[in-house]
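Engineer: Quick one: sequence and predicted model below, then my questions.
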Amino acid sequence: MPYRHANYFVAFVLLTIVVGFWGSYFAPIAEVPIAFHVHAATATLWVVLLMFQHGSIHARRKGLHKFGGVFSLLLFPFLIVGFVMIVNVSAERFVASDSATARFLTPSFGLSMVFAILAYLVLYYLALRNRTSVRLHAGYMLATALVLFESPFSRIMLDHLPFLVFTNSDFPQRILDAIVISMAMAIAFAIVMYLRERRWGVPFLVAAVLMLLQAAAMYIGTNSEWVRSVFAAYAGIPGWITIGAGFGLGAAVSWMGWRATIGPGTRSGERVAAVSPT
């Protein structure tokens, strides 16, 4: 099985999430909006599921691995809903706040989250489509953890490792710079994974491109008036519509990925369980 030590990497991402969001989410957990609970629960479950799938397949527990794969199909739409709910909160704050800082940062956060959603839709679909190729499937699933890395690690940099924000910019630009530097680290890691074995490292190259678009969105959102206008218009859409659309997108990807053409060597019409990193 490939990526023998992948769980160390995934566990590091999980630790980063806990440490990075401790002050803003875990410590004041009773006071944060419901959107943050949905996003935190689904994203954390996703990372734990990656670890479960890695452990089960390496232990040759194929029944458990199949169960985890089916659970991923059900969890994925709710994962996308969590992202959408964060975009909704950002949009509401953008139109409701007179704070210059909020109006500077939130369009970037919202646009970046849209690209994070796109990354998850693409990576998970390709993981399902390539589920008969152990290396490709595992790579695409592992790459999803990278998308969750940048936000919490940027907070760790700002709070505990300020020297890593080498731009020396002032607040609030410093926040955007920290996030983009964190994304650059994830992109660099993905490129190294691709260069190690280019034939099977394509999932990490795809992830690197998607994260590069996400990083560019951080600066586009702040400096483009059309993004601000679209973001303000988005805030006027009822939440049940955007949440429903997010759930529909996630469910569609789960369904289409599951029904996608299976690779060579599989009997016509045969379906195998969706699996996570192996």
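Structural biologist: Alright, I've got the coordinates. Numbering: from 1, shown residues only.

Engineer: contacts and neighbour counts: CA atoms only from here.
Structural biologist: Fine.

Engineer: Output the below-cut-off pLDDT ranges for the chain.
Structural biologist: 1, 261-278 (pLDDT under 70).

Engineer: can you give me the helices in it?
Structural biologist: Assigned by DSSP state H, the chain shows helices spanning 6-20, 34-58, 62-96, 100-129, 134-147, 150-160, 173-196, 202-223, 225-235, 239-259.

Engineer: Tell me which of the ones you listed lies nearest to residue 166.
Structural biologist: helix 173-196 (8.7 Å; CA to CA).

Engineer: Would you mind writing the CA trace of the closest one as CSV?
Structural biologist: The C-alpha coordinates for helix 173-196 follow below in CSV (Å, rounded to 0.1, in the frame of the first residue of the first chain):
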residue,chain,number,x,y,z
GLN,A,173,-2.7,43.1,5.3
ARG,A,174,-0.6,41.0,7.6
ILE,A,175,-3.5,38.5,8.1
LEU,A,176,-3.8,38.0,4.3
ASP,A,177,-0.1,37.6,3.9
ALA,A,178,0.0,34.9,6.7
ILE,A,179,-2.7,33.0,5.0
VAL,A,180,-1.0,33.1,1.6
ILE,A,181,2.3,32.1,3.1
SER,A,182,0.6,29.2,4.7
MET,A,183,-1.0,28.2,1.4
ALA,A,184,2.5,28.5,-0.2
MET,A,185,3.8,26.0,2.3
ALA,A,186,1.0,23.6,1.4
ILE,A,187,1.6,24.2,-2.3
ALA,A,188,5.3,23.5,-1.9
PHE,A,189,4.6,20.3,-0.1
ALA,A,190,2.2,19.2,-2.8
ILE,A,191,4.7,19.9,-5.5
VAL,A,192,7.4,17.9,-3.7
MET,A,193,5.0,15.0,-3.5
TYR,A,194,4.3,15.3,-7.2
LEU,A,195,8.0,15.4,-8.1
ARG,A,196,8.8,12.4,-6.0
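
Engineer: Could you list every helix and strand that that helix packs against?
Structural biologist: helix 150-160, helix 202-223 (3 or more CA pairs under 8 Å, 6 or more residues apart in numbering; DSSP states H and E).

Engineer: quick one: buried residues of that helix?
Structural biologist: Using 16 or more other CA atoms under 10 Å as the burial criterion, the residues of helix 173-196 that qualify are 173-187, 190-191, 193-194.

Engineer: Make JSON lines out of the helices and strands packed on helix 173-196 and add distance to residue 113 and mean neighbour count.
Structural biologist: Formatted as JSON lines, the helices and strands packed on helix 173-196 follow (distance: least, CA to CA, whole Å; neighbours: other CA atoms under 10 Å):
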{"stretch": "helix 150-160", "distance to residue 113": "10", "mean neighbour count": "20"}
{"stretch": "helix 202-223", "distance to residue 113": "8", "mean neighbour count": "21"}
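
Engineer: Tell me how far residue 123 lies from residue 199.
Structural biologist: 17 Å (CA to CA, to the nearest Å).

Engineer: Tell me which of those two has more neighbours.
Structural biologist: residue 123 (24 against 11; other CA atoms under 10 Å).

Engineer: so what's the nearest residue in space to that one that is not next to it in sequence up against?
Structural biologist: The shortest distance from residue 123 to any non-neighbouring residue, by CA to CA, 6 or more residues apart in numbering, is to residue 140 (5.5 Å). Neighbour list for residue 140: 123-124, 126-127, 203-204 [criterion: CA atoms under 8 Å, 6 or more residues apart in numbering].

Engineer: again, only using 7 Å
Structural biologist: 123-124, 126-127, 203 (CA atoms under 7 Å, 6 or more residues apart in numbering).

Engineer: between the residues you listed, which is nearest residue 38?
Structural biologist: Among those, residue 124 lies closest to residue 38 (CA to CA), at 19.4 Å.

Engineer: How much space separates that closest one from residue 246?
Structural biologist: Applying CA to CA to residue 124 and residue 246 gives a distance of 15 Å.

Engineer: out of those two, which sits in the more crowded spot?
Structural biologist: Neighbour count, other CA under 10 Å: between residue 124 and residue 246, residue 124 has more, with 25 against 22.

Engineer: list the contacts for that one?
Structural biologist: Counting by CA under 7 Å, 6+ apart, residue 124 touches 140-141.

Engineer: And for residue 80?
Structural biologist: So residue 80 contacts 117, 246-247, 250 (CA under 7 Å, 6+ apart).

Engineer: got the CA coordinates for stretch 106-116 in CSV?
Structural biologist: C-alpha atoms of stretch 106-116 as CSV (Å, rounded to 0.1, in the frame of the first residue of the first chain):
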residue,chain,number,x,y,z
THR,A,106,-14.1,39.4,4.4
PRO,A,107,-14.3,39.6,0.5
SER,A,108,-11.0,37.8,0.4
PHE,A,109,-12.1,35.2,3.0
GLY,A,110,-15.3,34.6,1.1
LEU,A,111,-13.7,34.3,-2.4
SER,A,112,-11.0,32.0,-0.9
MET,A,113,-13.6,29.8,0.6
VAL,A,114,-15.3,29.5,-2.8
PHE,A,115,-12.0,28.1,-4.2
ALA,A,116,-11.7,25.8,-1.2
